[in-house]
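J.: heads up, no residue letters with this:
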């Protein structure tokens, strides 16, 4: 049996290894159009590679996918986070689960993951062909002919797994649309918010560990750590909003109002009571020197200024009006977003091959027999935290069964 894997990223490699493990006598060839293998693995997690997530609950895992969670439900019972960790650790890559449930190699280097996958491919006898892109697939008598870019001659295979990753443009999916697959328009997911007109950018580098965020005029809500950057805001709370709101925010042309609750308390009355308690118990302290909710000092001073409250004012001098101003800026601080910043090489897309065109049990195309899909090319994307790699490992493992 001749098997072709298109794409030398995480899903492509894992699919090639799965196919070779399931069919040791098959000829398995992996085609990568560029000069680099596993490029996204190398840079992910700041070069550390957030290989998966420590969550084992299928319900919690599927909730981390704005698109594709339902589709992955059964797949994750076959190959989930636990199996991913066992797979790498049994092949000499010890892993660690961080407090936030993100899983990294103990080495803190993505090179450990790359070396493991490449070594395994060599051991199993996967043929790797670099700088050999595929531009077309045609089907005849259940066999698939691949048309290559450049001068390469076409080649015929019994089974083909496409794992080319997310395409930022629809045009990058037209060769698969030509076979009859439904395409969901790709738009960016997982991006940070630009705030060119907001002075909060002067606080770059500040992290608030627990925030609640939402987007005005939508039902989009998020929580988690928030990072202030020199261009605006980032961190898990913002990235989650961008993932779940990928299509809505694109329709808004990335111009909207962001509401930030800095104290992780949705009940404004409780926040008011906390501030009243401080005003009573620390009446002679000046505002600048007593920070509620242990807010970062620079942020607290910034919010005081925004509330038009003098930093030298005493807590006892706030009065009802002053307290209400503080409650507003602590729980419903509004910022104008104009634009986004995507991690260029680490981009994640919402969209791709519609899940209607894929059999969830086998990852086989519903319109082209013996053609399978794996990874981010499919209309599956997760929030930050190792979920996108997990869907790559899971779908590749199942596609590699070639059923």
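T.: Happy to help now that I have it. Quick caveat: nothing in here was measured; it's all calculated off a predicted structure.
J.: With the flanking residues excluded, which residue is spatially nearest to residue 359?
T.: Distance criterion C-beta to C-beta, 6 or more residues apart in numbering; nearest residue to residue 359, sequence neighbours excluded, is residue 366 at 5.8 Å. In short, each C-beta sits where N, CA and C put it, glycine included.
J.: With residue 311 instead?
T.: Using C-beta to C-beta, 6+ apart, the closest residue to residue 311 is residue 288 (3.8 Å).
J.: Roughly how far does residue 358 sit from residue 176?
T.: 11 Å (C-beta to C-beta, to the nearest Å).
J.: just to revisit the earlier point, compute the number of surrounding residues for the residue nearest to residue 311.
T.: As a burial measure, residue 288 scores 15 neighbours (other C-beta atoms under 10 Å).
J.: check contacts around it.
T.: Neighbour list for residue 288: 300-301, 304, 311-312 [criterion: C-beta atoms under 8 Å, 6 or more residues apart in numbering].
J.: let's see it at 10 Å
T.: Contacts of residue 288 were listed using C-beta atoms under 10 Å, 6 or more residues apart in numbering, and they are 297, 300-301, 304, 309-313.
J.: Read off the pLDDT value for it.
T.: On the pLDDT scale, residue 288 is placed at 97.
J.: Let's verify it: helix, strand, or coil?
T.: helix (DSSP: H, G, I helix; E, B strand; the rest coil).
J.: circling back to that earlier point, and the contacts of residue 288, which are buried?
T.: Using 16 or more other C-beta atoms under 10 Å as the burial test, the contacts of residue 288 include 300-301, 304, 309 as buried.
J.: Export those to TSV and append columns for distance to residue 96, secondary structure and pLDDT.
T.: Shown next, in TSV, are the buried ones among the contacts of residue 288 (distance: C-beta to C-beta, whole Å; DSSP: H, G, I helix; E, B strand; the rest coil; pLDDT from 0 to 100):
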residue	distance to residue 96	secondary structure	pLDDT
300	34	helix	98
301	37	helix	98
304	40	helix	98
309	44	coil	97
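J.: Of those residues, which is the nearest to residue 326?
T.: Of all the buried ones among the contacts of residue 288, residue 326 sits closest to residue 309, with 7.1 Å by C-beta to C-beta.
J.: pretty sure that closest one contacts residue 330?
T.: No. Counting by C-beta atoms under 10 Å, residue 309 does not reach residue 330; the two are 11.9 Å apart.
J.: re the thing from before, so what sits against both of residue 358 and residue 176?
T.: Residues touching both residue 358 and residue 176 (C-beta under 10 Å, 6+ apart) are 182, 365, 367, 371, 373.
J.: how far away is the last one from residue 1?
T.: Think residue 373. On the measure of C-beta to C-beta, residue 373 and residue 1 end up 19 Å apart.
J.: So for those two, which sits in the more crowded spot?
T.: Neighbours were counted for residue 373 and for residue 1 using other C-beta under 10 Å; residue 373 has more, 29 against 12.
J.: Which residue is the nearest non-sequential neighbour of the residue of the chain positioned farthest from its centre?
T.: Largest separation from the mean C-alpha position in the chain: residue 284, at 47.3 Å (C-alpha atoms, centre = their mean). Once flanking residues are discounted, residue 284 sits nearest to residue 314: 6.0 Å by C-beta to C-beta, 6+ apart.
J.: per-residue confidence for that neighbour?
T.: Taking residue 314 on its own, its pLDDT is 97.
J.: didn't it look like it was pressed against residue 283?
T.: Yes. Taking contacts as C-beta under 10 Å, residue 314 lies within contact range of residue 283: 6.7 Å.
J.: The two: who's more crowded?
T.: Applying other C-beta under 10 Å to residue 314 and residue 283 shows that residue 314 carries more neighbours, namely 16 against 12.
J.: which one of the shared contacts of residue 358 and residue 176 has the most neighbours?
T.: That'd be residue 373 among the shared contacts of residue 358 and residue 176, by other C-beta under 10 Å, with 29 neighbours.
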